[in-house]
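# need the 3D shape of this:
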Amino acid sequence: MANATSAVSPLRRRMIDDMTLRNLSPATQRSYLNAVIKFARHFNRSPDQLGLEDVRSFQV
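This next block holds a predicted model:
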C-alpha cells in the first residue's frame with residue numbers, strides 16, 4: 001500500500017496493518033485513508049488528537 005521509501009506515521013501504519021488484517025481491498029484502504037485525511041484537515045490537527053465529539057461535529 002505505502003511506498004517503501006516514504007515515511008509513514010505510526011498511526012497510519014497501524015491503520016494500514018489493521019485494514020490489511022481485515023482483508024480490505026486496496027481501493028477500500030485508499031478510501032478509508034482519504035476519509036481520515038479529510039477529517040484531520042477539517043480540524044487542522046492529527047487524527048490521534050481528535051475525539052468522539054470531533055467525529056460528531058465533522059459528520060454534522
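
# show me the shaky parts of the protein.
1-6 (pLDDT under 70).

# mind jotting down where the helices sit in it?
Using DSSP state H, the helices found in the chain span residues 10-21, 26-43, 52-59.

# list the helices and strands the longest one packs on?
Counting contacts by 3 or more CB pairs under 8 Å, 6 or more residues apart in numbering; DSSP states H and E, the secondary-structure elements packed against helix 26-43 are helix 10-21, helix 52-59. Placement of C-beta: from N, CA and C, glycine included.

# quick one on the thing from earlier: now render the helices of the chain as a markdown table, adding mean neighbour count.
Below are those laid out as a markdown table (neighbours: other CB atoms under 10 Å):
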| stretch | mean neighbour count |
| --- | --- |
| helix 10-21 | 13 |
| helix 26-43 | 13 |
| helix 52-59 | 11 |
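
# hmm, back to that, show me the one of the helices and strands packed on helix 26-43 that comes nearest N34.
helix 10-21 (11.8 Å; CB to CB).

# can you pull out the residues in contact with the closest one?
For helix 10-21, contacts defined as CB atoms under 8 Å, 6 or more residues apart in numbering pick out M1, A2, V8, T28, Q29, Y32, L33, V36, S46, P47, D48.

# need those in JSON lines with distance to R14, can you?
Compiled in JSON lines, the contacts of helix 10-21 are given as follows (distance: CB to CB, whole Å):
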{"residue": "M1", "distance to R14": "13"}
{"residue": "A2", "distance to R14": "12"}
{"residue": "V8", "distance to R14": "10"}
{"residue": "T28", "distance to R14": "17"}
{"residue": "Q29", "distance to R14": "13"}
{"residue": "Y32", "distance to R14": "13"}
{"residue": "L33", "distance to R14": "12"}
{"residue": "V36", "distance to R14": "12"}
{"residue": "S46", "distance to R14": "13"}
{"residue": "P47", "distance to R14": "11"}
{"residue": "D48", "distance to R14": "10"}
